[in-house]
Each structure stands twice: as structure tokens, then as C-alpha cells.
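[1] Make a model of this:
(one chain, ligands or ions: 1)
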Amino acid sequence: MNIRTFPTPELTAAGAAEAFAQTARAAVRDRGAFRVALSGGSTPKLMYRILRDMPEMPWHAVHIYFSDERSVGADSPDSNYRLAQDELLNHVPVPTAQVHRMAGEVEPLTTAAEAYAALLPAQLDAVLLGMGDDGHTASLFPSTDALQASGRVAANFVPRLDTGRLTFTYAEINAARERWILVTGAGKAGVLRQVQGGEGGYPIAGVQNAIWFVDAAAGAELQQA
Ligand code: 6PG
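    Numbers count the residues shown, from 1 in each chain. Model prediction:
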């Protein structure tokens, strides 16, 4: 595993933000655009805040997608899109037409999944992911149907939460040029150790060739490489 550990959540976020900025600048220089999928959950907040002030960011050529969404509308406090808007996108000059939200309020969610798959670019430059304390990533939860889904985006019913989610499939996540997984907090340490050891059968283990940005608390049980 390619794991970068940092002393604090702030420094972890700064490390991931630096990777985001460098990759964005290079993608825009080489291919004219940077196409990135953001994640939800609370962990990326710090990174989003740091990104607001990152120098020489080619925001005009950044295209924003989402790796998963809850079954709520854009205004909901649970919306991953809203988190990204509030913490990052409202503070940087990304053209609105280049922000592509998953329509979590649409029923059935399969319709929204198909629509989202249709608007995705041929290949994303990067996918930002988090990890839940049950080892899920995006909305690929343990023992759910989307773990086996073909296609690029799936509607996934999550019995544990008794709700539907929209999520990238493994195929979509692993087809991107890069994958970044941001993990902070002591609550994730045990799962992270097991993932490193190839144990537990956690959904996140299906993400290939990721760069992990981990704080000291989450990395406390890792074996040194
Ligand atoms: C979501 C996610 C999810 C998240 C992890 C980690 O919609 O919740 O995209 O995969 O990244 O659950 O969440 P925390 O950062 O809140 O721990």
C-alpha cells in the first residue's frame, strides 16, 4: 500500500490538498482540464478549506464530479454536493456548469445512476475517497449489491442505514488515473490495520493502486513498510 502518514488531521488534509493541486495543474497543462470526483463524509472538510487558498489553481478548467451521494436533495445537510459547495465550491471560481451533482432526490435512484453514468467523462483524472469505520468507501458498503455491480454508477440499497445511495462502482473508481483515500481519526485505526494485512474483506480493499493520506491516529496500528 502506498501510505503517507502525517502527524495531525490538518497536515494530512494539507498533504492531500497539495496532491490535488499538483495533479490539477499538471492535468490542465497536459490535457486542458482536470476532472476529479469528490467524496462525502466529514473527513474532506479540512482539505476543502485548504484548497480554497491553494495558489495557482486552474479552477476555470476544473470539472467536479462526485463518487457517491445520499438519497437527498441538494439543500439537505446530508448532501455530499452541499458539503462540497459550502466548504469549497462557493469559494473558488469553478464555473457552475462544470460542477456535476448526483441527483440523490430522484426516484427511482436507478434513473439517477443511469443519468450520471451518461454524463461522466471517458476517464476521470482522480477520485477522492474516504473510508467508513465499517470499511466502506464511496457508498460501496459491506454485503451490498453494488459491490458486484457492472457499469459506472450504481443505485445501492444499504440495509444497515435503511436507505438508498448512489455510488461509483469499482470499475469507475479503478479506471481513474489516480485514487486518493483520506483517513483520519483513531476510530479507523483497526480497520486500516486489517486492510493493510489483507484481512476483513472490507469493500475498500477493492480500490486499486490508491495513495492513502493518513493521520497518526488512524495509522497508529499500521506495520512499518
Ligand atoms: C459518504 C461517503 C463515505 C465517506 C466515509 C467516511 O457519503 O458518507 O462518501 O464513503 O467517505 O463514510 O466518512 P467520514 O469522513 O465521515 O468518516
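[2] Break down this structure into its strands, ranges please.
    Along the chain, counting by DSSP state E, strands occupy 2-6, 34-38, 62-66, 68-70, 126-130, 153-158, 163-168, 178-183, 211-215.
[3] The fourth one - contacts with which helices or strands?
    Counting by 3 or more Cβ pairs under 8 Å, 6 or more residues apart in numbering; DSSP states H and E, the packing neighbours recorded for strand 68-70 are helix 80-87, strand 163-168. Where C-beta positions appear, they are placed from N, C-alpha and C, glycine not excepted.
[4] buried stuff in the longest helix seen in the chain?
    Longest helix in the chain, counting residues (DSSP state H): helix 9-31. Neighbour counts over helix 9-31 (16 or more other Cβ atoms under 10 Å) mark 9, 12-17, 19-21, 23-25, 27-28 as buried.
[5] ok, and what's touching stretch 147-163?
    The contact list for stretch 147-163, computed with Cβ atoms under 8 Å, 6 or more residues apart in numbering, reads 70-71, 102, 108-110, 112-114, 116-117, 120, 134, 139-141, 143-146, 164-172, 203, 206.
[6] circling back: using PDB, list the CA coordinates for the longest helix of the chain.
    What follows is helix 9-31, C-alpha atoms only, in PDB (Å, rounded to 0.1, in the frame of the first residue of the first chain):
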ATOM      1  CA  PRO A   9      -5.500  15.800  10.600                       C
ATOM      2  CA  GLU A  10      -4.600  19.300   9.400                       C
ATOM      3  CA  LEU A  11      -1.300  18.200   8.000                       C
ATOM      4  CA  THR A  12      -3.000  15.100   6.400                       C
ATOM      5  CA  ALA A  13      -5.500  17.400   4.700                       C
ATOM      6  CA  ALA A  14      -2.700  19.700   3.600                       C
ATOM      7  CA  GLY A  15      -0.800  16.800   2.100                       C
ATOM      8  CA  ALA A  16      -3.900  15.700   0.200                       C
ATOM      9  CA  ALA A  17      -4.700  19.200  -0.900                       C
ATOM     10  CA  GLU A  18      -1.100  19.600  -2.300                       C
ATOM     11  CA  ALA A  19      -1.500  16.300  -4.300                       C
ATOM     12  CA  PHE A  20      -4.800  17.600  -5.600                       C
ATOM     13  CA  ALA A  21      -3.300  21.000  -6.600                       C
ATOM     14  CA  GLN A  22      -0.200  19.500  -8.300                       C
ATOM     15  CA  THR A  23      -2.300  16.900 -10.200                       C
ATOM     16  CA  ALA A  24      -4.800  19.600 -11.300                       C
ATOM     17  CA  ARG A  25      -2.000  21.900 -12.600                       C
ATOM     18  CA  ALA A  26      -0.400  19.000 -14.500                       C
ATOM     19  CA  ALA A  27      -3.700  17.800 -16.000                       C
ATOM     20  CA  VAL A  28      -4.600  21.300 -17.200                       C
ATOM     21  CA  ARG A  29      -1.200  21.800 -18.600                       C
ATOM     22  CA  ASP A  30      -1.100  18.500 -20.400                       C
ATOM     23  CA  ARG A  31      -4.700  17.800 -21.300                       C
END
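[7] contact partners of that helix?
    Helix 9-31 is contacted from outside by 4-6, 33-36, 44, 46-47, 49-51, 54, 56-58, 61-62, 125-126, 128, 178, 180, 182, 184-185, 211, 213-215, 217, using Cβ under 8 Å, 6+ apart.
[8] Weed out the non-buried ones from the residues you listed.
    Here, 16+ other Cβ under 10 Å leaves 5-6, 33-36, 44, 46-47, 50-51, 54, 57-58, 61-62, 125-126, 128, 178, 180, 182, 184, 211, 213-215, 217 buried among the contacts of helix 9-31.
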